[in-house]
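Engineer: Return a 3D structure for these sequence lines:
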Amino acid sequence: MKGSAVSQSFRVLASKINNQAPLGQRESNRLLNALTSSFRKHLDEVHPSRLHEDSKRPVVKDGPEATHRHAFPSSITLADQHMASVLTNPLLVKTAASQAHPKPELDAGTAAAELKDGANPFELLEKYHAKGYATVDVALSCMKAFRRSIKELTYEEQVSKVQEQEAGKRLLTWLWNSDILQSQAFADSLQIQDGLVWLVMMEGHEDFLWKWLETDLELPQSLMVKGHQDSRNNGHFWKSRIIYAMVMTNLGPPHKGARSADAALEVYFRAVQHVQQRKNTGVRDRMVLVARARLALEKALTHGSGHHYSNTNAALYDKFVKIYANHQLSHTYNAQKYAMDEFHRAQLDLWHPTRPSADIWYELVTREIPASDGVAGVRELLQNPKTSNDTAHYIKTFARAARLMKTAGKHAESTQLVTAAQTYLPDKISQVTEAMQDLLTDERHSEQRDKKTKKEQHEHQHQDNWLSQYFPAPT
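Structural biologist: Numbers count the residues shown, from 1 in each chain. Below you'll find the predicted structure:
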């Protein structure tokens with residue numbers, strides 16, 4: 001799809017969700033030309049020109065007829081004269097003094113100064129857009145100023161402010177009514193992409209994002225999406241970040257106790273269905289568009305301290321695990337990718353909300369393998385973690401696997417997993433032992449909390465007024 005067609009398509013989407021944003025200079029010129037042409041046409045239809053009528057008559061060079069013909073100009077001439085008188089009105093024409101002293105150019109710096117003085121962020125963005133100065137940096141300054149203004153509020157108060165200001169809708173309307181979307185600056189700005197999605201979803205307009213994703217709009221093939229070399233010549237790769245940000249937004253709301261990843265998983269499954277159905281995405285492996293979101297979910301479900309997402313629906317969790325079991329869904333066969341899928345499945349099984357199991361993890365890290373097996377690459381990853389956070393995560397993973405084996409009565413396998421952890425991370429033996437102790441302590445605390453909850457429920461059930469908190473009083 002050509003750039004002009006892309007811009008027009010986004011503006012059509014924008015017109016459906018909000019009032020038209022203020023026009024820029026080019027849009028104003030186009031509108032003026034269209035109005036002028038329309039004015040001429042309709043004037044000529046209502047008052048046909050005498051020149052047009054007389055064109056059918058023989059030409060008379062001398063006499064009163066010639067004088068009469070020249071005394072009545074065409075309606076087109078009248079229209080030009082009228083429009084000229086309007087456009088040359090002193091109220092509409094810049095004076096020499098204003099031309100000699102043009103207004104300073106507006107940019108992110110001037111926007112920051114106005115925001116500091118208390119300007120409304122989104123009114124400022126719309127004003128800059130009307131004047132042709134609404135760059136990505138200006139929009140980012142406006143968005144950050146708004147986020148700072150609600151930072152100290154409760155989550156519910158933040159939602160109320162976003163809805164009151166129509167923050168997501170106005171930011172999205174600006175984007176769709178500008179040429180910014182097709183710029184490298186937008187492709188590079190992960191902050192504006194993530195922040196935009198957060199505001200739109202906070203406002204309760206997730207459907208706007210799906211309408212955007214469900215289009216076949218393509219960005220210029222010359223753009224590179226930041227951090228993804230495989231995005232070149234892929235006009236649909238912009239969808240990857242939007243899907244990722246939607247998943248992360250649904251993973252992030254405040255919580256009390258254990259979390260649920262249900263909302264984030266629902267977004268992911270809908271995105272998977274979307275990319276599977278698209279036949280002309282220009283992507284050989286369409287599942288690459290949901291890869292970021294998939295890894296974000298897998299990390300959230302397996303890296304949390306104390307398993308924060310243990311309230312996740314088991315059926316949704318199992319459906320997500322199957323993504324890693326159905327290899328042909330996400331990629332063509334490759335030994336390394338196959339092994340990495342097994343690696344992710346093993347971790348997900350360890351943290352299953354209702355049926356945690358260490359069987360796949362045990363098999364992965366202890367079985368004999370040929371040199372050509374992709375598992376060798378996984379073990380290399382375990383032996384040489386990229387970051388200290390990865391090291392801490394692998395230690396905790398080994399500890400949980402060993403603990404699950406012991407709980408299942410598989411004491412030999414549990415001991416073997418501890419030995420394997422010490423083999424993979426020989427300089428971290430003390431941390432592995434410490435992790436085992438910490439895990440045991442956490443589990444004991446969890447068991448005590450469960451017993452306390454069950455006791456309270458039992459006591460409530462034997463109180464006369466126990467049902468009153470769940471059912472209305474009989475009438």
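Engineer: low pLDDT regions in the stretch 151-300 of the chain?
Structural biologist: Within the stretch 151-300 of the chain, the segments meeting pLDDT under 70 span 219-235, 255-257, 278-286.
Engineer: ranges for the helices of it?
Structural biologist: Secondary structure of the stretch 151-300 of the chain (DSSP state H, counting those that start in this stretch): helices at 155-165, 167-176, 184-188, 190-202, 206-213, 238-251, 262-277, 291-303.
Engineer: how about low-confidence regions in the stretch 301-450 of the chain?
Structural biologist: Counting by pLDDT under 70, the stretch 301-450 of the chain contains low-confidence ranges at 304-307, 327-333, 370-372, 436, 438-450.
Engineer: about what we covered before: mind putting the helices of the stretch 151-300 of the chain in TSV, mean neighbour count and distance to A392 included?
Structural biologist: Every C-beta, even on glycine, is put in place using the N, C-alpha and C of the backbone. Formatted as TSV, those follow (neighbours: other CB atoms under 10 Å; distance: least, CB to CB, whole Å):
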stretch	mean neighbour count	distance to A392
helix 155-165	15	29
helix 167-176	24	36
helix 184-188	17	31
helix 190-202	20	25
helix 206-213	17	34
helix 238-251	23	20
helix 262-277	18	24
helix 291-303	19	10
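Engineer: Tell me who's in contact with S141.
Structural biologist: Taking CB atoms under 8 Å, 6 or more residues apart in numbering, we find S141 in contact with A108, A111, A112, L115.
Engineer: ok, now how distant is D427 from S160?
Structural biologist: Using CB to CB, to the nearest Å, one gets 51 Å for the distance from D427 to S160.
Engineer: scratch that, Y268
Structural biologist: For Y268, the distance to S160 - CB to CB - is 28 Å.
Engineer: and what of A392?
Structural biologist: Noted for A392: a distance of 38 Å to S160, by CB to CB.
Engineer: swap in Q182?
Structural biologist: 34 Å.
Engineer: cool, and M287?
Structural biologist: The spacing between M287 and S160, counted by CB to CB, is 38 Å.
Engineer: Likewise for A108?
Structural biologist: In terms of CB to CB, A108 sits 28 Å off from S160.
Engineer: now G118
Structural biologist: To S160, G118 is 20 Å away according to CB to CB.
Engineer: same deal with A130?
Structural biologist: Distance of A130 to S160, given as CB to CB: 28 Å.
Engineer: Could you find the closest non-adjacent residue to W198?
Structural biologist: Leaving aside its sequence neighbours, W198 sits nearest to T249 (CB to CB, 6 or more residues apart in numbering; 5.2 Å).
Engineer: my read: the one you found touches G195, true?
Structural biologist: No. Using CB atoms under 8 Å as the test, T249 is too far from G195 to be in contact (10.2 Å).
Engineer: low-scoring stretches of the stretch 1-150 of the chain, by residue?
Structural biologist: Residues of the stretch 1-150 of the chain meeting the criterion pLDDT under 70: 1-104.
Engineer: Show me which residues of stretch 399-418 are buried.
Structural biologist: 399-406, 410, 413-414, 416-418 (16 or more other CB atoms under 10 Å).
Engineer: how about those residues in JSON lines, adding distance to L171 and secondary structure?
Structural biologist: Listed next are the buried residues of stretch 399-418 as JSON lines, based on distance: CB to CB, whole Å; DSSP: H, G, I helix; E, B strand; the rest coil:
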{"residue": "A399", "distance to L171": "44", "secondary structure": "helix"}
{"residue": "R400", "distance to L171": "42", "secondary structure": "helix"}
{"residue": "A401", "distance to L171": "45", "secondary structure": "helix"}
{"residue": "A402", "distance to L171": "49", "secondary structure": "helix"}
{"residue": "R403", "distance to L171": "47", "secondary structure": "helix"}
{"residue": "L404", "distance to L171": "46", "secondary structure": "helix"}
{"residue": "M405", "distance to L171": "50", "secondary structure": "helix"}
{"residue": "K406", "distance to L171": "52", "secondary structure": "helix"}
{"residue": "K410", "distance to L171": "54", "secondary structure": "coil"}
{"residue": "E413", "distance to L171": "53", "secondary structure": "helix"}
{"residue": "S414", "distance to L171": "52", "secondary structure": "helix"}
{"residue": "Q416", "distance to L171": "54", "secondary structure": "helix"}
{"residue": "L417", "distance to L171": "49", "secondary structure": "helix"}
{"residue": "V418", "distance to L171": "52", "secondary structure": "helix"}
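Engineer: Need those residues in a markdown table (columns: distance to S260).
Structural biologist: As requested, those are arranged in a markdown table below (distance: CB to CB, whole Å):
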| residue | distance to S260 |
| --- | --- |
| A399 | 25 |
| R400 | 20 |
| A401 | 24 |
| A402 | 27 |
| R403 | 24 |
| L404 | 22 |
| M405 | 27 |
| K406 | 28 |
| K410 | 30 |
| E413 | 31 |
| S414 | 30 |
| Q416 | 34 |
| L417 | 29 |
| V418 | 32 |
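Engineer: For A408, give its distance to E342.
Structural biologist: Counting by CB to CB, the gap from A408 to E342 is 20 Å.
Engineer: try E203
Structural biologist: On the measure of CB to CB, E203 and E342 end up 41 Å apart.
Engineer: Tell me the buried residues in the strand or helix carrying Y324?
Structural biologist: Using DSSP states H and E, the element containing Y324 is helix 314-325. The neighbour-count check on helix 314-325 (16+ other CB under 10 Å) flags L316, Y317, F320, V321, I323, Y324 as buried.
Engineer: tell me the contacts of A421?
Structural biologist: Contact analysis of A421 by CB under 8 Å, 6+ apart lists Y394, I395, F398, A399, A402, K428, V432.
Engineer: before we move on, which element is the first one in?
Structural biologist: Using DSSP H and E, Y394 falls within helix 388-407.
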